[in-house]
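K.L.:
what's the 3D shape of this:
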Amino acid sequence: MPLLPTTARQVDALVAEAQSAGRTPSLVIGVVRDGALTHLATAGEHPRPDADLQYRIGSISKTMTAVLVMQERDAGRLTLDDALGEHLPGTPVGALTLRQLLGHASGLQREPEGAWWERAEGPDLATLLAGVTAEKIAYPAHRAYHYSNLAYGLLGGVLERITGTPWADLLRERLLEPLGMRRTTYAATEPFARGYVVHPWHDTLREEPRTDTGAMAPAGQLWSTAEDLARWAAFLADPAPEVLAARTLTEMCAPVVISDLDSWTGGHGLGLELYRDGERVYVGHGGSMPGYVAALAVHRPSRTGVIGFANSYGFRTGGIGGLAQRALTTVLDAEPALPRPWRPATGAPPAEVAEISGRWWWMGASLDVTWDPGAGELVVYVRGERVSAFAPEGPDRWRGRSGPENGEILSVLRDEAGRVAALDIATFVFTRTPDQEP
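P.N.:
So this is what the prediction gives:
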C-alpha cells in the first residue's frame with residue numbers, strides 16, 4: 001500500500017533537508033510496508049539515486065551473519081552458550097560464548113590487530129586469529145555493552161569451521177538467493193555509488209577505497225540496493241519460515257544488553273540493535289564504511305520499516321540512523337497500521353477445544369479461553385485483552401507460545417467420569433465458577 005500523499009511529502013522533506021544540511025552527495029530513504037518497498041525518497045545528484053543503485057551497507061552485514069549463526073543453532077550444530085574455543089580451538093579468548101559475541105556483551109575490544117580494517121585489505125582467518133590475544137578483552141564479559149567488530153569476524157570464522165563453507169558462499173546460498181536479494185553482493189557491482197569524504201572547509205569530494213575486508217567481511221563487507229535491503233527489512237519484520245523460524249527471529253530481538261543504562265533507549269539483541277522511540281521499539285542496525293553510511297529500522301508489530309543509504313562518511317546533522325528512525329516514526333504516526341480483519345471460522349472447533357473454551361475462574365478473577373482456527377492455538381483473554389496463546393503439545397496438554405505464559409504448560413484436569421473439571425495453568429487451577437474449589 002503506497003503512502004498517503006501527505007505522508008510521502010513529509011518523508012521527502014526530511015530527506016531533502018538532511019541531504020542539504022548534511023552535505024552528502026546522494027541520499028536514499030525507503031519505506032517498507034507489508035513486505036514491499038512502498039516509497040523511495042531521494043536527494044542529491046552525485047549520483048542520482050534509484051532503487052537499483054548499490055551502496056555499501058557496512059555493519060548491517062552483521063545482522064545477516066547473526067541469522068546464519070541462528071540457523072546453525074536451530075539445526076542443532078551449536079548452542080548460543082558454546083564457548084568460542086569449542087569451535088575455534090586455541091584462541092586465548094576461547095571462554096567467551098557465542099551469545100556474548102552476538103550481543104556485544106563479550107567485552108572483546110572493538111577492532112582486530114593491524115591496520116584499520118575498513119580502509120585496508122583484510123587478512124585471512126588464520127592471520128585474524130593469530131592477532132587475537134587475551135589482552136583483547138577490554139571489559140569483563142557481560143559486565144557492560146561494548147561494541148566489537150572483531151567479535152563478528154570471529155563469528156564468521158565459527159560459521160566457516162562448522163559448515164566447511166566460506167562465509168560469502170554460505171550467505172549467498174542460505175539468505176540472498178532464497179530471499180531474492182540478487183543485487184546484494186560481496187563486492188561493488190555496477191551500477192553503484194562511489195563513496196566519498198566531503199572536505200569540511202570547501203565541499204570537495206575525496207573518493208574512498210573499496211576494500212576487500214577478508215576475514216572481517218562478516219562484520220561489514222556487503223553492498224546492497226534499496227530494493228534488496230527492503231527485502232531484508234521485510235524479512236526482519238516477518239521472516240520467511242524456510243529461512244528462519246519466526247520464534248527464532250523474535251528471540252534475536254530480545255535484549256542481551258542495554259547500551260544506555262541511564263535512559264534505556266537502546267540495547268542490543270542477538271545481532272540486532274534495539275531502539276526505543278516513545279512507546280515503540282524498533283529493531284535493525286546502522287552501518288558505515290569509508291565513504292558510506294547506511295541504516296535499517298523495523299517496527300515489527302506493524303511490519304513497517306525504513307532503510308537508508310548515503311555515499312559520504314557521516315552527516316553534519318546527526319547521522320543517517322537518526323534520520324531513518326524519524327522517517328519511520330513519521331510514517332507510523334501519520335498512518336498507524338490497521339488491525340487485521342476478523343473472519344468467521346469455517347467449521348466447528350476440535351472437540352477437545354470445545355470442551356475447554358469459555359470462561360474460567362481463579363480467586364474471583366476470570367479469564368476467557370477462545371480458539372484461533374487460523375493459528376491453531378488457544379487464546380486467553382483477561383478483561384477483553386489478549387494476554388497469552390497456547391499450542392497443542394499432547395492429550396490435554398498445551399504449551400504457552402506468547403504473553404506471560406510463554407513456555408508454561410496448560411493442563412486439562414478431568415474428573416472420574418472423564419469430564420473437564422479444571423484448567424491448570426502453570427500450577428494456577430481455574431474452575432468453571434468463581435465459588436468452586438479447585
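K.L.:
Can you give the domain ranges for this protein?
P.N.:
Annotated domains of the chain cover 5-334, 351-430 [automatic domain parsing].
K.L.:
and the ones you listed as TSV, adding mean neighbour count and distance to Ala345?
P.N.:
Backbone N, C-alpha and C define where each C-beta goes, glycine included. As requested, those are exported to TSV (neighbours: other Cβ atoms under 10 Å; distance: least, Cβ to Cβ, whole Å):
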stretch	mean neighbour count	distance to Ala345
domain 5-334	19	23
domain 351-430	15	5
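K.L.:
Tabulate those (JSON lines), appending distance to Arg340 and mean pLDDT.
P.N.:
Shown next, in JSON lines, are these (distance: least, Cβ to Cβ, whole Å; pLDDT from 0 to 100):
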{"stretch": "domain 5-334", "distance to Arg340": "11", "mean pLDDT": "94"}
{"stretch": "domain 351-430", "distance to Arg340": "10", "mean pLDDT": "95"}
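K.L.:
closest one to Pro341 among these?
P.N.:
domain 351-430 (11.7 Å; Cβ to Cβ).
K.L.:
Could you report the separation of the residue nearest the centre of the chain from Gly384?
P.N.:
Computing the C-alpha centroid of the chain and ranking residues by Cα atoms, centre = their mean puts Leu272 first, at 4.5 Å. Applying Cβ to Cβ, to the nearest Å, the value for Leu272 to Gly384 is 33 Å.
K.L.:
Can you say which helix or strand has the residue lying closest to Asp372 once chain neighbours are set aside in it?
P.N.:
Distances taken as Cβ to Cβ, 6 or more residues apart in numbering put Val379 closest to Asp372, at 5.0 Å, once the chain neighbours are dropped. Using DSSP states H and E, the element containing Val379 is strand 377-382.
K.L.:
With only the CA atoms kept, save that strand in PDB.
P.N.:
What follows is strand 377-382, C-alpha atoms only, in PDB (Å, rounded to 0.1, in the frame of the first residue of the first chain):
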ATOM      1  CA  GLU A 377      -4.000 -22.000  19.200                       C
ATOM      2  CA  LEU A 378      -5.900 -21.400  22.300                       C
ATOM      3  CA  VAL A 379      -6.000 -17.700  23.100                       C
ATOM      4  CA  VAL A 380      -6.600 -16.400  26.600                       C
ATOM      5  CA  TYR A 381      -8.300 -13.100  27.200                       C
ATOM      6  CA  VAL A 382      -8.400 -11.200  30.600                       C
END
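K.L.:
That one packs against which elements?
P.N.:
Judged by 3 or more Cβ pairs under 8 Å, 6 or more residues apart in numbering; DSSP states H and E, strand 377-382 is in contact with strand 365-372, strand 385-394.
K.L.:
Now do the helices in the stretch 51-200 of the chain.
P.N.:
61-74, 84-87, 98-102, 125-130, 149-163, 167-171 (DSSP state H, counting those that start in this stretch).
K.L.:
contacting residues around Ala66?
P.N.:
By Cβ atoms under 8 Å, 6 or more residues apart in numbering, Ala66 lies in contact with 102, 155, 252, 270-272.
K.L.:
where's the residue nearest to it when sequence neighbours are not counted relative to Asp124, distance?
P.N.:
Nearest residue to Ala66 in three dimensions, chain neighbours excluded: Gly271, at 2.2 Å (Cβ to Cβ, 6+ apart). Per Cβ to Cβ, Gly271 is found 23 Å from Asp124.
K.L.:
Next: Gly284.
P.N.:
In terms of Cβ to Cβ, Gly284 sits 30 Å off from Asp124.
K.L.:
Good, we can wrap up now.
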